[in-house]
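Student: Fold the following for me, if possible:
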Amino acid sequence: MALNTGGAAPTERGLHAQVLAAVGEDIVDGVYPIGSVLNQDELTARFGVSRSVLREALRVLQSLGMVEPRQRVGTLVQPRHAWNLMDPQIISWRGRGREYFVQQRELLELRLGIEPVAARLCAARITDAEASAIVAAADTMVDANAAGDERRFLQADIAFHSLILRGSGNAVMGHFSGTVEALLRTRPRERRGTITEYTSPSAHRHNELAAALGRREPEAAYRWSFELLSATLEEFIAEG
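Tutor: Residues are numbered from 1 along each chain as shown. Sure thing, here's the model as predicted:
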């Protein structure tokens, strides 16, 4: 099946992005199982693209650990433990398919080990301007929830967690904000949407965490961050 180009002549970069997303999602969903060989003739025919476009997409998948070229064999789909599961592209692909709830659980468990510590560090290190930005993001989440504005809520939620991770003063934790943003952006694709019956108490916890940071209380910030993420994890366990 050729790619849908909407009647316009796509650029090679546009075709590459479409092929990359389609093959990446198919690998994640098991259409191409682990250990299988990707047939380049079949893929170029399926998408109606040149070999150069396909090769570029496969190079990106290789950089993500999802495939590996083997001499006299072809391009093999790699085991999941080889994948860069915290890369935003893989997070996005997993978030579109059957692994949505599995990924939410896995990354929330990881966030529980990182973000409360980041919040503790943040309380001791952020500037007054950074503290005000965190409070503003929390306030926006409350307002957006009341208005039923999912897009605004999501953007404020992303800003809130990113500000804390970067405000920790730890470069590695700051880099993790990209992973968290990618994960949060998968939520609007879920059948329930971003704003649910769980959102009001979640917004309250965000406000309490912001207040603890504003008061420069590291242990309270740690506690509220842990409680916030624990409750979110329980939500996904219940729904998944």
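Student: Pull the contacting residues for Leu229.
Tutor: Leu108, Arg111, Leu112, Glu115, Pro116 (C-beta atoms under 8 Å, 6 or more residues apart in numbering). (Glycine included, C-beta is placed from N, CA and C.)
Student: Select from the residues you listed the one having the most neighbours.
Tutor: Glu115 (26 neighbours; other C-beta atoms under 10 Å).
Student: Verify the stated contact: that residue with Leu163.
Tutor: No: look at Glu115 against Leu163 with C-beta atoms under 8 Å: they stay out of range, at 11.7 Å.
Student: The top helix by length along the chain: which residues count as buried?
Tutor: For the chain, the helix with the greatest residue count under DSSP state H is helix 100-125. Across helix 100-125, burial judged by 16 or more other C-beta atoms under 10 Å covers 100, 103-104, 107-108, 110-112, 114-123.
Student: cool, stretch 213-229 as well?
Tutor: Buried residues in stretch 213-229 (16+ other C-beta under 10 Å): 213-214, 217-218, 220-226, 228-229.
Student: In strands, which of those fall?
Tutor: Among these, the subset assigned to strands under DSSP state E is empty.
Student: Now those in CSV, please, with extra columns for distance to Leu76 and pLDDT.
Tutor: Converted to CSV, these look like this (distance: C-beta to C-beta, whole Å; pLDDT from 0 to 100):
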residue, distance to Leu76, pLDDT
Leu213, 47, 97
Gly214, 52, 95
Glu217, 52, 98
Pro218, 48, 98
Ala220, 50, 98
Ala221, 46, 98
Tyr222, 44, 98
Arg223, 47, 98
Trp224, 46, 98
Ser225, 41, 98
Phe226, 41, 98
Leu228, 41, 96
Leu229, 36, 96
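Student: Taking these together, which two end up most distant?
Tutor: Gly214 and Leu229 (19.6 Å; C-beta to C-beta).
Student: How about the contacts made by the residue nearest to Ser230 when sequence neighbours are not counted?
Tutor: Nearest non-adjacent residue to Ser230, counting by C-beta to C-beta, 6 or more residues apart in numbering: Leu112, 6.7 Å away. Residues counted as contacts of Leu112 (C-beta under 8 Å, 6+ apart) are Phe226, Leu229, Ser230, Leu233.
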